[in-house]
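Chemist: sequence plus predicted model, see below.
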Amino acid sequence: MDLAFTEEQNLLRDSVRKFVDSQYAISGRNKLSASAAGFSRDYWQQYAELGWLALPFSEADGGIGGTPVDTMVLMEEFGRGLVLEPYLATVVMFGSAISMAGNEAQRAELLPAIMDGSLMASFAYAEAQSHHDLNNIETSAAADGDGYLINGEKCVVLNGQSAGKLLVSTRTSGTSQDHTGITLFIVDAAASGIKRTDYPTVDGLRAADIKFTDVRVSAADQLGETGKGYAIVESIANRAILALAAEAVGAMEVLYQDTIAYTKQRRQFDHPLSEFQVLKHRMTEMFMEHALAKSLCMKATMLETQGSAETQRTIHALKYLIGKASRFVGQNAVQLHGGMGMTEELRVAHYFKRLMVIDSQFGNTDHHLERFVA
Amino acid sequence: MDIEFSTADLAFQQDVQAFIKANLPRGMDMWTKRSEWFQALRDKGGWDVAKWPVAFGGPGFTPTQRYIFDLEMSRNSTPPQIPFGVTMLAPILMNYGTREQQERFLPGIRDGSVNWCQGYSEPGAGSDLANLQTKAVLAADGSHYVVNGQKIWTTLAHIAHWMFCLVRTDNTGIKQEGITFLLIPMNDPGIEIKPIITLGGSHSVNEVYITDVKVPVADRIGEEGKGWTYAKGLLVHERTGLAGIQNSVLALSKARNNALQVKVGDGTLLDVPAFRNKLGALEAELLALEFTELRSLASVSAGSDPGPESSIMKLKGTEIQQRISELNLEAAGVYAAAWGEQVGPGFARAATSAYLGTRATTIFGGASEVQKDVIAKNVLGLG
């Protein structure tokens, strides 16, 4: 057993941390969030140059050949900075789908474009009636000549606004509750029949509802086998959950540390708040929730890396625990900052909102607890 | 990073498993063949004193081997050792005792022929242990102390031959100073033991009254007035051992099985969402705590400090123990009320008893509230 990070992982952490510390002060971050794109294309190019966009892809595909542990290291640091660039949507979700399930032609076309920064992408999986069930899909793909016609509507598509390509989960057979009959397609975001409604998410990122009306795709655009897409969807979800969990761990660290710093300098009743036992204990509990969530994040990520049979169950436990810890740490960070915690001026509010959104993605605490204990 | 044990560690784990399979007494033998078990451990090369250094006859385990050893012992519910001598006093004797004291006391500790109890807490010194008032006055000729005072919550004092004891030899300075570490024989006529029956109806703790007990200076550990320093290192030791994670892993899987035996409607208790979710939440938290222990172990193995995470082990571990006991109590249903032998399902009486008994875990060894104070101060830097 070896829980130490490799030298490469430590270097990666240092370089991401350096970038975040120098470029991601909260005021600049919020300005970027309010800009038309909602993030910085310059930063995205820097990520490409630093090799971050190539991190999880195999060397055979021209990537760096990193493991989920490498992604965890990067995402934890991104979480510390509330990074806005669509790394999760493009590299973790879309990218891992292509690298895991794509044929040679698809990998050759799409992965280099992701790695050089020219292609951003999204995974359109959720629908209004889905709640958190990834198999609950009504968007249909009906055979039409040598291709398919897609009809339906996807909602809260992360990074929908900037995506050049969309990975869309569709139903090619069965009914909305089935786990079989799901097929994935890579769709050009500019294809005719696509109508997109963009909006910000509460944490300052971007999403879109996307309506598909007779959108034509060819057989070459199909990812994986017909009707067997659910396994791919699950794999993407697992990678996304691990990345989100690492991001949440980074965000929680900032929150409990900011709370400690704030209560040390804020005086009431002639004492710093940090001297009040009830607050000391609360902060100890925040530290504890963070430490436990971080432990399970490490464990699940290592299990995924080693392809362990325990992985799926541990990921359910992880998403549950991350949600629980995030809520506790987030709510108490706001509470202990008092009135200032309610303002947009301090960064606490922004981390709070990011954690709130993370719980809603790829299944919330209740969803994963149900599956973990089943 | 590699979550698997190394080949060498896996081989060690198999060795431990094979040893347990070959030597562990089963069923009723568990009680009658206890000493054979400990002898076999000893013959294996100091496995009876797994935490002792090689110089004192221990096996010289690496931190990972020690973890694996504890893991397998807990998983197989091997006979527990009473910790007071072997785990708590022995390290103090090794670090601060004279060679003569080591030779006199360690053999009896090791072979279990001499029972020890811990004389720390007093009516006025619980979490605030340094406030202890039991007084030891050095005789005019300097040959012995005369000790007077009262200890409380003294676990197994009624079967102990000796008590290691913190006493006050000076009260002029700050209260942590002036505390001295003495070894007191329990058969002295000046020792009076009164049982305390705890809320589960059991007798394990006691009041110990000490009246004009003469303790030779030769039975003092280290220097006069330095007892607090000696004991403090040991308290840390006590706390890290109290998380009981592997016992909880076992207990939680038993709780799941208990729930499966309980019929509710057409299904079992495990089909009741409110119960099932509590069980799941505990399993998830325990997984996280278990890996937190491994993170500390990894730090120690790499030659660093255990890391700030290790501070939460006792706090969270005892909370989990209590919550598991709640699940079993709920699984007992109406029989949670019954207090007779062999009433209701097999686990019910034990469940009620454990629920009552585990209330102590968040009180002893540093109450949870004190643990939080300590973490706030030492780990988070909160004044």
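Modeler: Looks like it arrived, so ask away.
Chemist: switch to C-alpha atoms for all contacts and neighbour counts from now on
Modeler: OK.
Chemist: spit out the contact partners of the residue in chain B positioned nearest to chain A.
Modeler: Using C-alpha to the nearest C-alpha, the closest approach of chain B to chain A is made by residue B:5 at 4.1 Å. With contact taken as C-alpha atoms under 8 Å, 6 or more residues apart in numbering or on different chains, residue B:5 is in contact with A:1, A:2.
Chemist: now swap in residue B:57 and tell me
Modeler: Contacts of residue B:57 by C-alpha under 8 Å, 6+ apart are B:46, B:49.
Chemist: report pLDDT for it.
Modeler: Note for residue B:57: predicted pLDDT of 96.
Chemist: residue A:315 is in contact with residue A:241, correct?
Modeler: Yes: shown here, residue A:241 and residue A:315 form a contact pair, counting by C-alpha atoms under 8 Å, at 7.5 Å.
Chemist: what helix or strand is the residue of chain B closest to chain A on?
Modeler: Per DSSP states H and E, residue B:5 falls between elements, in no helix or strand.
Chemist: give me the element the residue nearest to residue B:65 when sequence neighbours are not counted is part of.
Modeler: Setting aside the residues directly before and after it, residue B:65 is nearest to residue B:9 in space (C-alpha to C-alpha, 6 or more residues apart in numbering or on different chains), at 6.7 Å. Using DSSP H and E, residue B:9 sits in helix B:7-23.
Chemist: now that helix: average pLDDT?
Modeler: Mean predicted confidence for helix B:7-23 is 96.
Chemist: tell me the secondary structure at residue B:163.
Modeler: strand (DSSP: H, G, I helix; E, B strand; the rest coil).
Chemist: how about the spatially closest residue to it that is not a sequence neighbour, secondary structure?
Modeler: For residue B:163, ignoring the flanking residues on the chain, the nearest one in space by C-alpha to C-alpha, 6+ apart is residue B:117 at 4.7 Å. Secondary structure, three-state DSSP: residue B:117 is strand.
Chemist: who's in contact with residue B:117?
Modeler: B:84, B:85, B:154, B:155, B:156, B:157, B:160, B:162, B:163, B:164.
Chemist: name the nearest residue to residue B:90, sequence neighbours excluded.
Modeler: Counting by C-alpha to C-alpha, 6+ apart, the residue nearest residue B:90 is residue B:106, at 6.7 Å.
Chemist: count the residues that sit near that neighbour.
Modeler: 20 (other C-alpha atoms under 10 Å in any protein chain shown).
Chemist: got a pLDDT number for it?
Modeler: On the pLDDT scale, residue B:106 gets 97.
Chemist: buried residues, the strand or helix carrying it. List them.
Modeler: Using DSSP H and E, residue B:106 sits within helix B:99-111. By 16 or more other C-alpha atoms under 10 Å in any protein chain shown, the buried positions in helix B:99-111 come out as B:101, B:102, B:105, B:106, B:109, B:110, B:111.
Chemist: pairing partners for the longest strand that chain B contains, with directions?
Modeler: Looking across chain B with DSSP state E, the single longest strand is strand B:203-216. Sheet partners assigned to strand B:203-216 using DSSP bridges are listed as strand B:144-152 (antiparallel), strand B:191-197 (antiparallel).
Chemist: name the residues that touch that strand?
Modeler: With C-alpha under 8 Å, 6+ apart, strand B:203-216 has contacts from B:143-158, B:182-184, B:188-198.
Chemist: before we move on, the earlier item: surely the residue nearest to residue B:65 touches residue B:66?
Modeler: No: with contact defined as C-alpha under 8 Å, residue B:9 and residue B:66 do not form a contacting pair (10.3 Å).
Chemist: apart from its chain neighbours, what residue comes closest to residue B:53?
Modeler: According to C-alpha to C-alpha, 6+ apart, the nearest residue to residue B:53 is residue B:60 (5.6 Å).
Chemist: quick check: that neighbour is in a helix.
Modeler: No: using three-state DSSP, the assignment for residue B:60 is coil, not a helix.
Chemist: tell me the pLDDT at it?
Modeler: Taking residue B:60 on its own, its pLDDT is 92.
Chemist: that one contacts residue B:49, correct?
Modeler: No: Residue B:60 is beyond contact range of residue B:49, at 9.8 Å (criterion: C-alpha under 8 Å).
Chemist: more neighbours: the two, which one.
Modeler: Between residue B:60 and residue B:49, residue B:49 has the larger neighbour count (other C-alpha under 10 Å), namely 24 against 19.
Chemist: quick one: contacts for that one?
Modeler: With C-alpha under 8 Å, 6+ apart, residue B:49 has these contacts: B:42, B:57, B:58, B:59, B:86, B:110.
Chemist: near chain A, which residues of the stretch 251-383 of chain B show up?
Modeler: B:276-277, B:279-281, B:284-285, B:287-289, B:291-292, B:295, B:298, B:309, B:312, B:369, B:372-373, B:375-376, B:380, B:382-383 (C-alpha under 8 Å from any C-alpha of the partner chain).
Chemist: and if we set it to 7 Å?
Modeler: B:276-277, B:280, B:284, B:288-289, B:291-292, B:295, B:298, B:309, B:312, B:372-373, B:375-376, B:382-383 (C-alpha under 7 Å from any C-alpha of the partner chain).
Chemist: so where's the stretch 101-250 of chain B shaky on pLDDT?
Modeler: In the predicted model of the stretch 101-250 of chain B, residues B:234-241 satisfy pLDDT under 70.
Chemist: find the nearest non-adjacent residue to residue B:146, please.
Modeler: Using C-alpha to C-alpha, 6+ apart, the closest residue to residue B:146 is residue B:214 (4.7 Å).
Chemist: neighbours of the nearest residue to residue B:47 once chain neighbours are set aside, how many?
Modeler: Spatial nearest neighbour of residue B:47, chain neighbours left out: residue B:41 (4.8 Å); criterion: C-alpha to C-alpha, 6+ apart. When neighbours are counted by other C-alpha under 10 Å, residue B:41 registers 19.
Chemist: okay then, goodbye and thanks.
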